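Undergrad: Generate coordinates for the sequence data below:
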Amino acid sequence: MAAYDGLFQTLGLSDWCDQNKTDGPMTMAELLAQSGKKSDDTASAEPATSFWDTPFPSLDELNQSCKSIARTRDMTSWVEELFLSVKDTLKFVLDPLTQPLSWALDGSLWLFQALPWFVMIPLLLLVVWAATRSWALIGFVAVSFLFLSFIDHYVPAIQTLSIIFVCTGFCVALGVPIGILMSRSNALQRFAIPVLDMLQTLPTFVYLIPLIFLFSVTESKLYGIAIILYAIVPVIRLTDLGIRLVDRDVIEAADAFGMSTRQKLFGVQIPLALPNIMAGVNQTIMMSLAMVVIASLVSAPGLGVLVLRGIRNLELGVGLVSGLCIVLLAIVLDRVTKASLSRINAAQQH
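TA: Next comes the predicted model:
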């Protein structure tokens, strides 16, 4: 006897429960019972459930007493059927919109690997110098990449750097305008915050599930979209925060000088909010690097592939060394972005 048989009998719903039976897939226990056998967790004569042991009235528990109530797996199959019913329409709309991301990722990967190491590393050092003006940091970056090259991890490291470069660029190009719009509209901010909360707390593997149904595993946009969705949140939030924190007296002074809305945005608000925006870019880079490892499950190249190989083949050394290389790359990116942020702050104070 199921725990809630008496409840449905008391409510007079026994006939409804018997007439509207669901025809979902049977569990192993149901199959064994149908074949005349008993599973380990079922018995021919079950004792009555005590009040203390009454299970929570979940869908599966209620279904045991009333077959008209859907089970949990019925609900999940409905969600799957709903997604599959709109999959072709979504793919038709998203394919042309996301194709530039594939071109950017493929082109960046080709360029970063086509340039020899004795060209690529000096170019990276020039970028570091332009951003930080720090000889100590240039030395650290040079030693880091020479070490990665010495242990034969230069190619996967440069692949990972290429993916981060493209995805961070897309995050900034999309996230900064969204953050600006949020700062100008309280209604948009109230709508966007729950969406950003969901994107920030959703487990990283979940991003890949619907994308696998929409795009081919061989398409680079598959992992690119997953990385962007996961990493775009900080730059949106901190852009919105930075512009909202601009002193109202400064805005009033700009209005007194007769500046237009566009002039105030690019001449006052964005420059003053730049430290917050750069902090958001720093966090976006770190989150992109974290997601690159997960994206290796869907053909993303780079250091994540070596980590995945270490897990799959139980190669402890490969997994640990690759993980340490990711940490080293994260430290390099973090130090460079923070040094550039400090330089921006120092310039504003002067």
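Undergrad: Could you list the low-pLDDT ranges of the stretch 151-300 of the chain?
TA: For the stretch 151-300 of the chain, no stretch has pLDDT under 70.
Undergrad: where do the strands sit along it?
TA: Assigned by DSSP state E, counting those that start in this stretch, the strands in the stretch 151-300 of the chain number zero.
Undergrad: For the spatially most central residue of the chain, which non-adjacent residue is spatially closest?
TA: Nearest to the mean C-alpha position of the chain, counting by CA atoms, centre = their mean, stands residue 230 at 2.3 Å. Leaving aside its chain neighbours, residue 230 sits nearest to residue 291 (4.7 Å; criterion: CB to CB, 6 or more residues apart in numbering). For glycine as for every other residue, the C-beta is placed from the backbone atoms N, C-alpha and C.
Undergrad: Residue 129 too?
TA: Nearest residue to residue 129, sequence neighbours excluded (CB to CB, 6+ apart): residue 138, at 5.7 Å.
Undergrad: Now do the contacts for that neighbour.
TA: Residues counted as contacts of residue 138 (CB atoms under 8 Å, 6 or more residues apart in numbering) are 125, 128, 129, 132.
Undergrad: Only the buried subset of these, as a PyMOL command please.
TA: Buried residues among the contacts of residue 138 (16 or more other CB atoms under 10 Å), as a PyMOL selection:
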select buried, resi 125+128+132
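Undergrad: Any chance of the contacts of residue 138 in TSV with secondary structure, distance to residue 196 and pLDDT as columns?
TA: Converted to TSV, the contacts of residue 138 look like this (DSSP: H, G, I helix; E, B strand; the rest coil; distance: CB to CB, whole Å; pLDDT from 0 to 100):
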residue	secondary structure	distance to residue 196	pLDDT
125	helix	35	95
128	helix	31	93
129	helix	35	93
132	helix	30	88
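Undergrad: list the helices and strands the one helix or strand residue 321 maps to packs on?
TA: Under the criterion of DSSP states H and E, residue 321 resides in helix 316-349. If contacts are counted by 3 or more CB pairs under 8 Å, 6 or more residues apart in numbering; DSSP states H and E, helix 316-349 sits against helix 117-132, helix 135-150, helix 154-184, helix 270-295, helix 303-312.
Undergrad: avg pLDDT for that helix?
TA: Helix 316-349 comes out with an average pLDDT of 88.
Undergrad: so the residue nearest to the centre of the chain sits right up against residue 204, yeah?
TA: Yes. Assessed by CB atoms under 8 Å, residue 230 is found in contact with residue 204 at 6.1 Å.
Undergrad: Which neighbours do these two have in common?
TA: Common neighbours of residue 230 and residue 204, using CB under 8 Å, 6+ apart, are 290, 291.
Undergrad: now the nearest residue to residue 247 once chain neighbours are set aside: how far from residue 194?
TA: Spatial nearest neighbour of residue 247, chain neighbours left out: residue 272 (7.7 Å); criterion: CB to CB, 6+ apart. In this view, residue 272 and residue 194 are 28 Å apart by CB to CB, to the nearest Å.
Undergrad: cool, and residue 343?
TA: In this view, residue 343 and residue 194 are 36 Å apart by CB to CB.
Undergrad: And for residue 220?
TA: Residue 220 sits 30 Å away from residue 194 when distances are taken as CB to CB.
Undergrad: Show me which of the two is the more surrounded one.
TA: Neighbour totals were compared for residue 220 and residue 194, and residue 220 leads with 25 against 9 (other CB atoms under 10 Å).
Undergrad: Done for today, thanks.
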